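Enquirer: next come a sequence and a model predicted from it.
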Amino acid sequence: MKPEDRIAKPFLEAAIGARGPFHGEEYMQALSRHFDKHGLTI
């Protein structure tokens, strides 16, 4: 394992592949992109 692989990603980046800070609707847009990418619906 490479040392950089041991560094924990910030939670949201690890969870949905996006990093803040988010402004306005950016968080919901990032979440929507993640759901679309993985075929998830709510």
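Expert: Sure thing, it's come through.

Enquirer: what residues are up against the nearest residue to His34 once chain neighbours are set aside?
Expert: Of all residues not flanking His34 in the chain, Ile16 sits nearest, at 4.1 Å (CB to CB, 6 or more residues apart in numbering). From N, CA and C alone the C-beta is placed, and that goes for glycine too. Neighbouring residues of Ile16 by CB atoms under 8 Å, 6 or more residues apart in numbering: Ala30, Leu31, His34.

Enquirer: just checking, which of these belong to helices?
Expert: Counted as lying in helices by DSSP state H, out of the contacts of Ile16, are Ala30, Leu31, His34.

Enquirer: mark which of those are buried, thanks.
Expert: Taking 16 or more other CB atoms under 10 Å as the criterion, what is buried in these is Ala30, Leu31.

Enquirer: nearest to Pro10 among the ones in helices among the contacts of Ile16?
Expert: Pro10 lies nearest to Ala30 out of these, by CB to CB, at 12.8 Å.

Enquirer: what's the closest non-adjacent residue to the closest one?
Expert: Looking at Ala30 with CB to CB, 6+ apart, the closest residue is Ala18, at 3.7 Å.
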